[in-house]
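*Asks:* Got a predicted structure plus its sequence, pasted below:
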Amino acid sequence: LQQCCIQQASQKRRKNYQLKLKTNELIQEQEAIHDDIFSLKTTMNDIKCDVN
């Protein structure tokens with residue numbers, strides 16, 4: 001019984017670690033997307049100023 005509980009706890013820790021990695025990956029992607037949007041807005045504003 002104790003061994004079973006240890007295995008389950010180990011599996012849960014592993015799953016938790018994987019979820020943390022995935023969360024960090026998604027946060028980094030979101031930040032990259034935010035940076036891309038900011039860059040596009042800046043470029044659009046520059047073009048708009050050049051046209052006017």
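*Replies:* Nice, thanks for sending it over.
*Asks:* how about the helices in this structure?
*Replies:* Counting by DSSP state H, the chain has these helices, from start to end: 2-51.
*Asks:* Can you pull out the low-pLDDT segments for it?
*Replies:* Applying pLDDT under 70 to the chain flags no residue at all.
*Asks:* what do you get if the cut-off is 80, keeping everything else the same?
*Replies:* Across the chain, the ranges flagged by pLDDT under 80 are 52.
*Asks:* What's the separation between residue 14 and residue 20?
*Replies:* Noted for residue 14: a distance of 11 Å to residue 20, by CB to CB, to the nearest Å. C-beta here means a position set from N, CA and C on the backbone, and glycine is covered the same way.
*Asks:* One more: residue 49?
*Replies:* 44 Å.
*Asks:* again with residue 50
*Replies:* 45 Å.
*Asks:* Between the two, tell me which one has more neighbours.
*Replies:* residue 20 (10 against 7; other CB atoms under 10 Å).
*Asks:* burial of residue 10, as a residue count?
*Replies:* 10.
*Asks:* Thank you kindly, that will do.
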